[in-house]
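Visitor: this is a predicted model, with the sequence first.
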Amino acid sequence: MSVPVVNIRIDKGTNFEATFTIQNADGTFSLSNQTATAKIKKHPGATTSTSFSTTTTVSTGEIKITLTAAQTAELSLGINTYDVILTNNSTSVITKVFEGMARVFDSVST
């Protein structure tokens, strides 16, 4: 199964939020008994990363990822990479559900 690619934009020094929906082919949602994690790195092999805060809403299949203004201020400008992972709390199966480029732009007013 291929992982959906969703590219995002992050402005340094500002709060960031994005919401993704996980849905099965039959229209049901797939977040029951799952824990979401998400990280951003300059490139996949980079040794440092920043973790997004994650919130899941089982009833709607939504995963929200957020960064504070302080966290975005520390990100590297330009193209970075990120992904969102689900871990099944019962089976410990780990599944990547989204990935993409995160373009980080400088902010003038912050």
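Guide: That came through, no problem.
Visitor: now the end-to-end length of stretch 33-50.
Guide: For stretch 33-50, the first and last residues are 25 Å from each other (C-alpha to C-alpha, to the nearest Å).
Visitor: please apply the same query to stretch 67-85.
Guide: Its start and end residues considered, stretch 67-85 measures 16 Å (C-alpha to C-alpha).
Visitor: then stretch 88-102?
Guide: Between the opening and closing residues of stretch 88-102 lies a distance of 26 Å (C-alpha to C-alpha).
Visitor: ok, stretch 65-83 next?
Guide: Using C-alpha to C-alpha, the span of stretch 65-83 from its first residue to its last is 10 Å.
Visitor: next up, the contacts around the closest residue to Thr50 other than its chain neighbours.
Guide: Using C-beta to C-beta, 6 or more residues apart in numbering and skipping residues adjacent in sequence, the residue nearest Thr50 is Ile40, 5.1 Å away. Glycine gets a C-beta too; all of them are placed from N, C-alpha and C. When contacts are counted by C-beta atoms under 8 Å, 6 or more residues apart in numbering, Ile40 is found next to Ile10, Ser49, Thr50, Phe52, Leu67, Leu75, Asn80, Thr81, Tyr82, Ala102.
Visitor: buried residues in the helix or strand where Ile40 lies?
Guide: Using DSSP states H and E, the element containing Ile40 is strand 34-41. Taking 16 or more other C-beta atoms under 10 Å as the neighbour-count basis, strand 34-41 is seen to contain the buried residues Gln34, Ala36, Thr37, Ala38, Ile40, Lys41.
Visitor: give me the contacts around the helix or strand just after that strand.
Guide: Counting by DSSP H and E, the element after strand 34-41 in chain order, helix or strand, is strand 50-51. Contacts of strand 50-51 from elsewhere in the structure, counted by C-beta under 8 Å, 6+ apart, are Thr37, Ala38, Lys39, Ile40, Lys41, Leu67, Gln71, Glu74, Leu75.
Visitor: distance check, the fifth one against Asn24.
Guide: Note on Lys41: its distance to Asn24, by C-beta to C-beta, to the nearest Å, is 29 Å.
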